[in-house]
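Enquirer: predicted coordinates and the sequence they were generated for:
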Amino acid sequence: MNSGRKLCRRAVAMMLLAGGWLGAHAQKLMNDTNLYPVYQALDTSTNAISMLHLGDSHVQAGTYPDAVRKVLQDQFGYAGRGFVFPYNLAGTNGPDGYKWSSNVRWNGERMVDRNQAEWPGPGGIMLSRELAPATVQFTSDSAIDWLRVWYKGNDVPEVAGGSVFEGSKDAPEREVRIKADSGMTAMAIRFPGISRFYGAVDERNAKGITYSAIGINGAQFQQYNLFDGGVAGAAGMLTKPLLVIFSLGTNEAFGAITAVQLKTEMEKTVTAVREYAPDAKFLFTTPPSGMMKKRSVPYRPKGSKRTKYRTKFIAVPQAATVRQAIIEFCREEGHAYWDLFGEMRADSRYTRAWSHDHVHFNAYGYRLQGEQLGKAILQGYRNWQQTIRKN
């Protein structure tokens, strides 16, 4: 009798364990009916489909969006890396896979800097200097096809081994499209006079996905809404996305923003992008759970008259508030969302995904969440296919 009970308990435990494993590793988009036009395009379009991933430091580092990009481009085809910016020339970190160099020194200015008086460009960051000749070189780990460049300066640049076509002259930027010769992986762009460099878009005339990732350390929705939405709007103008992914909320969770304030800022960002990309559909991700912040705790060692301080990590309870506000906004406005907060609580693999500050992730952690988000989008597409076949 006892043996039978033990076997029964063991069987139930194994079932629960198996169920927990499946739940922890299942990727699912919520409220994704608004993404059906995106799924339709992925299913039938013979042209490149543009996707834009806007975020904060999690996105700027590159590993997270690169993992999403790989999952989707492996399935639907490679149509370009998308937005590429010389973060290294601006004195900050950036993605792997490409690099920029220049024959002159530049200043880096970001939308999160204090007393930002000038529009920082579609990527929320720009290179600035006095108007003068300059050369920038773009080097990629894959062949370059087309490069669309935004800048402020005099005349059209020159490129060895490429053809330059002038685009927009609308203030405050100019646009040129550069066609690279076959097989080129490096491109030197010589400007007769330039004062601002806003970045470029690496794209191909091919079926597949062009996946642009734009992230700024410390960014919140409100920074993308600066200059009357001129940052988020320009990102939409530059990339013309069909799908926009927002991965923000971490920095809001460290502040005192209310749910009402957050929803207002989210709506402003959506409106700004829609002005230039009216067909865009939106997918929001919730911030990570388990974030910690440092606090200095004073103490006095026994027998000592001097006060010392030790670092103590405490949880960020506001993260749950931000998560709930994002979910409510998506349900109210009909946008899709992916609940990273909930995924992390259900998946034990995230216990080894944090970096030392317990706010950011290590490379493993960023790849994990990027692969999960990519697979969630892919699963949404497959579910849509099944729905279409049934009807």
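Expert: Done, it's in.
Enquirer: what's the span of stretch 201-212, first residue to last?
Expert: Taking C-alpha to C-alpha, to the nearest Å, stretch 201-212 runs 8 Å from one end to the other.
Enquirer: list the buried residues in it.
Expert: Going by neighbour count (16 or more other C-beta atoms under 10 Å), the buried part of stretch 201-212 is 201-204, 208-212. Every C-beta, even on glycine, is put in place using the N, C-alpha and C of the backbone.
Enquirer: hmm, who's touching that stretch?
Expert: Identification of contacts with stretch 201-212 by C-beta atoms under 8 Å, 6 or more residues apart in numbering yields 45-53, 65, 68-69, 72-73, 76-84, 98, 138, 140, 144-148, 235, 238-239, 241.
Enquirer: of these, select the buried ones using a PyMOL command.
Expert: Selecting the buried subset of those in PyMOL, with 16+ other C-beta under 10 Å as the burial test, is done by:
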select buried, resi 48+49+50+51+52+53+65+68+69+72+73+76+78+79+80+81+82+83+84+98+138+140+144+145+146+147+148+235+238+239+241
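Enquirer: okay, now the unreliable bits of the stretch 51-200 of the chain?
Expert: 168-172 (pLDDT under 70).
Enquirer: would you map the helices across it?
Expert: Along the stretch 51-200 of the chain, counting by DSSP state H, counting those that start in this stretch, helices occupy 57-60, 63-76.
Enquirer: figure out which of the ones you listed is closest to residue 155.
Expert: Residue 155 sits nearest to helix 57-60 of all the helices of the stretch 51-200 of the chain, at 31.6 Å, using C-beta to C-beta.
Enquirer: which elements pack onto that closest one?
Expert: strand 208-215 (3 or more C-beta pairs under 8 Å, 6 or more residues apart in numbering; DSSP states H and E).
Enquirer: following element in sequence after the strand it packs on, please.
Expert: Going down the chain from strand 208-215, the next helix or strand is helix 221-224, by DSSP states H and E.
Enquirer: and for the helix or strand immediately after that following helix in the chain, what's in contact with it?
Expert: Where DSSP H and E defines the elements, the next helix or strand beyond helix 221-224 is helix 226-239. Contact with helix 226-239 is made by 50, 52, 54, 82-83, 111, 116, 119-124, 148, 150, 201, 210, 212, 214, 223-225, 244, 268-269, 271-277, 280, as judged by C-beta under 8 Å, 6+ apart.
Enquirer: about what we covered before: going by distance to residue 286, which of the buried residues of stretch 201-212 wins?
Expert: The closest of the buried residues of stretch 201-212, once distances to residue 286 are taken by C-beta to C-beta, is residue 211, at 20.8 Å.
Enquirer: any idea how far that closest one is from residue 198?
Expert: According to C-beta to C-beta, to the nearest Å, residue 211 stands 19 Å off from residue 198.
Enquirer: how about the strands in the stretch 151-300 of the chain?
Expert: In the stretch 151-300 of the chain, the segments counted as strands under DSSP state E, counting those that start in this stretch are 158-159, 162-166, 174-180, 186-203, 208-215, 243-247, 281-285, 292-299.
Enquirer: so which of those is nearest residue 104?
Expert: strand 186-203 (9.3 Å).
Enquirer: partner strands of the closest one, with direction?
Expert: strand 82-84 (antiparallel), strand 125-140 (antiparallel), strand 146-154 (antiparallel), strand 158-159 (antiparallel) (DSSP bridges).
Enquirer: any idea which of these is most buried?
Expert: For the strands paired with strand 186-203, the largest average neighbour count (mean count of other C-beta atoms under 10 Å) is found in strand 82-84, namely a mean of 25.
Enquirer: in this structure, which helix has the most residues?
Expert: Counting by DSSP state H, the longest helix found in the chain is helix 363-390.
Enquirer: gap between that helix and the chain center?
Expert: Between the centre of helix 363-390 and the centre of its chain there are 16 Å (C-alpha atoms, centre = their mean, to the nearest Å).
Enquirer: what are the buried residues along it?
Expert: 365-378, 380-381, 384.
Enquirer: relative to strand 281-285, how tilted is that helix?
Expert: Angle of helix 363-390 versus strand 281-285, following axes from the mean of the first three to the mean of the last three C-alpha atoms, to 10 degrees, is 140 degrees.
Enquirer: packing partners of helix 363-390?
Expert: helix 36-44, helix 63-76, strand 336-338, helix 340-346.
Enquirer: rerun at 7 Å
Expert: Judged by 3 or more C-beta pairs under 7 Å, 6 or more residues apart in numbering; DSSP states H and E, the packing partners of helix 363-390 are helix 36-44, helix 63-76.
Enquirer: among those, which is nearest residue 315?
Expert: When the helices and strands packed on helix 363-390 are compared by C-beta to C-beta, helix 63-76 sits nearest residue 315, at 22.2 Å.
Enquirer: residue 166 bridge partners, please.
Expert: Beta bridges link residue 166 to residue 176 when assigned by DSSP bridges.
Enquirer: what's the distance between it and residue 151?
Expert: Residue 166 is 12 Å from residue 151, where distance means C-beta to C-beta.
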